[in-house]
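# sequence unknown, structure follows:
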């Protein structure tokens, strides 16, 4: 036990020395001072043999500390031990937590090890998002790491761990290998070059060319193989034995999880009043490390996971009690599209995480838009899922979180420029600032002009317009017009819809419902003529 105390106390002290939280320092020094002042080592050994240990915070004083009036009292070695302060259930839980693949001690070691090579990112309070969500929102800007994501923490810690275990000479002669299509590959390539360790990365054919080129610039050996990350990983595993490489899993290796957990230490130090942390979930490595650190330092903090509804592998694992394969559909949060969570990560996370929810594609796109407009932060889909679940109407838009101090790690910012453009348009559509409708107008001169003039007079800007003549079931003198307009929000959209309806256009805003549009058009054509009594053509459209 004493060896454990000597080993763990310095790590805990080092983990908190760079921050502002004095609580972590105080209980560590108090514990160490209490141990040093005791001479009742037989009692300590007896407790250790009985499987009992003292809690870190507010340890029970030893017999030599009971009386301040008589310092000459000699502790009675044969005196019965006092009953343990904690309940049996708590002791059993402590034993379980200390036997997990990753513990707080591992995270504390990682926090000291990677400090010189990884940026300590700020945790910024957002005024605009706090007003919007009715809570104090703090954004942990992990996308500001050199390679654009939190993956650097785990990658550096994993390489440093292998250097200690294998020896620097041997690892630098053989190197490491990983399968990744993005952030993990970038982080491993960058820190491998910084630490002098050769890195091989197997990337699937769908990997973005920009990320492939960046990995090459960092000096990594790039192998393009497989249609998806699963095939790339299988091929990478065949190279482990043939070339003597060490494989580093991007979300399930214990050093990777421990490195990610250092975010949790920084959260507690920077926002000591935190009430909840909302973490994106893919392979579960990030939430496993963060939840372990946060819950160890401040057990009353709620930890929520968020994953895209098209890749809900953690919820599937929770329901099954173990990691299980899950059907994955392409999603804006592509960095979280992991078909099965890591077994090590899940084993840790399930003991600490309070709840995991899903978010929709609409919410992800809207979260990216909110961050760009309000915070001037460019974040990828996976990095924005934590905020997405907090938006009005989302799964974590709950009364019990209103007014609370909530930290949201923005874990990545590597979004392709072309994808960003499409995501922003989806965000505008989700925010009712871009709408499309289908209407029927006269195919004679001036028919479309009257529609566009009406829209312009009421502040709608036409972004796109498309004519359809062939697939109509009405009068030959009319055409369908699909119009995309830019608006100012929900109220403006309702106003435009009302104006169009009042002028006889009766627009169909959901253009997917073509059958409904055709049925209404046919019914109108059968029950009313398309011209006024004086022979002039009507321009009040039916749909």
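On my side now, so go ahead. This structure is a prediction, so every number in the text was calculated from the model and none was measured.
# Give me the nearest residue to the most centrally placed residue in the chain, chain neighbours excluded.
Nearest to the mean C-alpha position of the chain, counting by CA atoms, centre = their mean, stands residue 280 at 2.1 Å. Closest residue to residue 280 apart from its sequence neighbours, by CB to CB, 6 or more residues apart in numbering: residue 385 at 4.5 Å. Using the backbone N, CA and C atoms, a C-beta is placed for each residue, glycine as well.
# Could you do residue 126 as well?
residue 137 (4.8 Å).
# Shouldn't the one you found be within a strand?
Yes: if the criterion is DSSP: H, G, I helix; E, B strand; the rest coil, then residue 137 is within a strand.
# residue boundaries of the helices in the stretch 401-543 of the chain?
With helices called from DSSP state H, counting those that start in this stretch, the stretch 401-543 of the chain shows them at 417-430, 447-457, 490-502, 514-527.
# gap between residue 355 and residue 396?
Going from residue 355 to residue 396 by CB to CB, to the nearest Å gives 9 Å.
# Those two - which one has more neighbours?
Taking other CB atoms under 10 Å, residue 355 and residue 396 do not tie; residue 396 has more neighbours (22 against 13).
# what about the more buried one, which SS state?
coil.
# which residues sit in contact with the closest residue in space to it that isn't next to it in sequence?
Nearest non-adjacent residue to residue 396, counting by CB to CB, 6+ apart: residue 389, 4.4 Å away. By CB atoms under 8 Å, 6 or more residues apart in numbering, the residues touching residue 389 are 278, 304, 306, 357, 358, 359, 363, 395, 396.
# repeat that with 7 Å
278, 306, 357, 359, 395, 396 (CB atoms under 7 Å, 6 or more residues apart in numbering).
# Equivalent analysis for residue 309, please.
358, 359, 360.
# Among those residues, name the ones in strands.
358, 359 (DSSP state E).
# Can you pull out the low-pLDDT segments for this protein?
For the chain, applying pLDDT under 70 flags the ranges 1-87, 469-476, 510-543.
# 50 - rerun?
Where the chain drops to pLDDT under 50, the residues are 1-48, 51-73, 511-515, 517-518, 521-522, 525-543.
# what about the strands in it?
123-126, 136-141, 176-179, 199-203, 221-224, 246-247, 276-280, 302-308, 355-359, 405-410, 434-442, 461-468, 478-486.
# Show me what the fourth one is packed against.
With contacts taken as 3 or more CB pairs under 7 Å, 6 or more residues apart in numbering; DSSP states H and E, strand 199-203 sits against strand 176-179, helix 183-195, strand 221-224, helix 229-243.
# Tell me if I'm right that residue 106 and residue 259 touch.
No: assessed by CB atoms under 7 Å, residue 106 is found out of contact with residue 259, at 9.3 Å.
# more neighbours, those two?
More crowded of residue 106 and residue 259, by other CB under 10 Å: residue 259, with 34 against 24.
# Just confirm that one contacts residue 110, I think it does.
Yes: using CB under 7 Å, residue 259 is in contact with residue 110, at 4.9 Å.
# Common neighbours of those two, please.
residue 157.
# now residue 392: how far from residue 135?
Applying CB to CB to residue 392 and residue 135 gives a distance of 12 Å.
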